[in-house]
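In: Here is my input, please return the structure:
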Amino acid sequence: SALGGHGRFGSWIVMNTAAGPVLRQDDPDTTGIRFPQAIVRDWEAGDATVRVRFRYVGGRIDRAAGVILRWQGPNDYYVARANANESDLRIFRVVQGERRTLPGGVVRAPCDDDRWHELEFRAEGDRPIATLDGGPKAEARDSYFLRGRVGVWTKSDSLTEFDDLRLEATR
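Out: Now for the predicted structure:
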């Protein structure tokens, strides 16, 4: 577990549901610049594809779910995030805690419901590409980070469940 920004660390718990176990960020801390992260141990890649299913189960201030690629630390990584409140999918580059949307890295992507969604984030050289539910796709160019770890991410008080994390290194 890691934390970007401020506030409390995320409370990452495994919940048993009717469909099986899921990973949930379950801390409702409303700090605005708060990014709880669950990072995969002992897995690192340059070019990679990460897929995860997610659903929102709560959040007054925010409802967000993200996939991290090329993680160097809690304040240095790429993240593709879906946001129910903003109805979009974005690719951010986070450097020393400063988050910036990459040019071309935003697309309209409504997902304000309690259904399961699939978020895919892949990096091919200098091309980070994010896709939500096989449809809306955000594509950018950036070579700031070339290798790193992967994980899942939320924002502020987002109570988000993650399931079926799949990792594929291509370089």
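In: Quick one: the strands in the protein, in order.
Out: Assigned by DSSP state E, the chain shows strands spanning 2-5, 12-17, 20-25, 34-45, 48-58, 64-73, 76-83, 88-95, 98-108, 117-124, 127-132, 137-139, 148-153, 159-169.
In: Just checking: what are the partner strands of the fifth one?
Out: Sheet partners assigned to strand 48-58 using DSSP bridges are listed as strand 117-124 (antiparallel), strand 159-169 (antiparallel).
In: what comes up buried for the last one?
Out: Residues of strand 159-169 classed as buried by neighbour count (16 or more other Cβ atoms under 10 Å): Leu159, Thr160, Glu161, Phe162, Asp163, Leu165. C-betas here are computed from N, CA, C, even on glycine.
In: Please name the residues that touch Gly151.
Out: Ala2, Gln37, Ala38, Ile39, Val40, Val67, Ile68, Trp71 (Cβ atoms under 8 Å, 6 or more residues apart in numbering).
In: One more: Arg171?
Out: Contact analysis of Arg171 by Cβ under 8 Å, 6+ apart lists Ala45, Gly46, Asp47, Ala48.
In: Just send those back as JSON lines, with distance to Val79 and pLDDT too.
Out: As requested, the contacts of Arg171 are exported to JSON lines (distance: Cβ to Cβ, whole Å; pLDDT from 0 to 100):
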{"residue": "Ala45", "distance to Val79": "16", "pLDDT": "96"}
{"residue": "Gly46", "distance to Val79": "17", "pLDDT": "96"}
{"residue": "Asp47", "distance to Val79": "17", "pLDDT": "97"}
{"residue": "Ala48", "distance to Val79": "14", "pLDDT": "97"}
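In: what's around Val150, how many residues?
Out: 25 (other Cβ atoms under 10 Å).
In: Tell me the spacing between it and Ile129.
Out: Relative to Ile129, Val150 is positioned 15 Å away (Cβ to Cβ, to the nearest Å).
In: likewise Gly46?
Out: Gly46 is 15 Å from Ile129, by Cβ to Cβ.
In: What residues are bridge-paired with Arg81?
Out: Beta-bridge partners of Arg81, counted by DSSP bridges, are Gly66, Arg90.
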